[in-house]
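**Q** this one's structure only:
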């Protein structure tokens, strides 16, 4: 589509949508949201970019094939279960690690967070692949 308004709005909104999707993904473990919803929001930003500039430009903007993003996410989701198996717990049992940093920030890393990141990436990769293939099929 060759609309100046759509091009300008897409450039302004894409970064906001992507930041909001990361926020939703990180807050999702304890409140509504999570990897799936955050991934859908991020994929909608990429599909918006594709609608404004075309599928070829969207693929160039991603810089990584979308199926590789999905594969990386699947790896993260699977590895989150393997960590619990190494700890002697059942597969996909949640494990938390709280590093003691000499600063006032409390950071808690967990396998559920790693699983949510994996789901986030799988959803982005799958939805973007489908949307870009459908858009290219129209041309």
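**A** Good, I have the coordinates. The shown structure was predicted, so the numbers you read here are calculated from the model rather than taken from an experiment.
**Q** any low-confidence regions in the protein?
**A** Within the chain, the ranges that satisfy pLDDT under 70 run 29-30, 105-107, 139.
**Q** So the residue of the chain most remote from its centre versus residue 62, what's the distance?
**A** When distances to the mean C-alpha position of the chain are computed (CA atoms, centre = their mean), the maximum falls on residue 102, with 30.6 Å. As defined by CB to CB, to the nearest Å, residue 102 lies at a distance of 38 Å from residue 62. The way it works is simple: take the backbone N, C-alpha and C, and place the C-beta from them, glycine included.
**Q** longest helix anywhere in the protein?
**A** Taking DSSP state H as the criterion, the chain has its longest helix at helix 111-138.
**Q** quick one: it to chain centroid distance?
**A** Here helix 111-138 is found 7 Å from its chain centre; the criterion is CA atoms, centre = their mean, to the nearest Å.
**Q** what's the nearest residue to residue 48 if we skip its chain neighbours?
**A** residue 10 (5.7 Å; CB to CB, 6 or more residues apart in numbering).
**Q** List the contacts of that neighbour.
**A** Counting by CB atoms under 8 Å, 6 or more residues apart in numbering, residue 10 makes contact with 48-49, 51-53.
**Q** Check which helix or strand it maps to.
**A** With secondary structure defined by DSSP states H and E, residue 10 is part of helix 4-27.
**Q** mind listing what's buried in that helix?
**A** 10, 14, 17-18, 21, 24-26 (16 or more other CB atoms under 10 Å).
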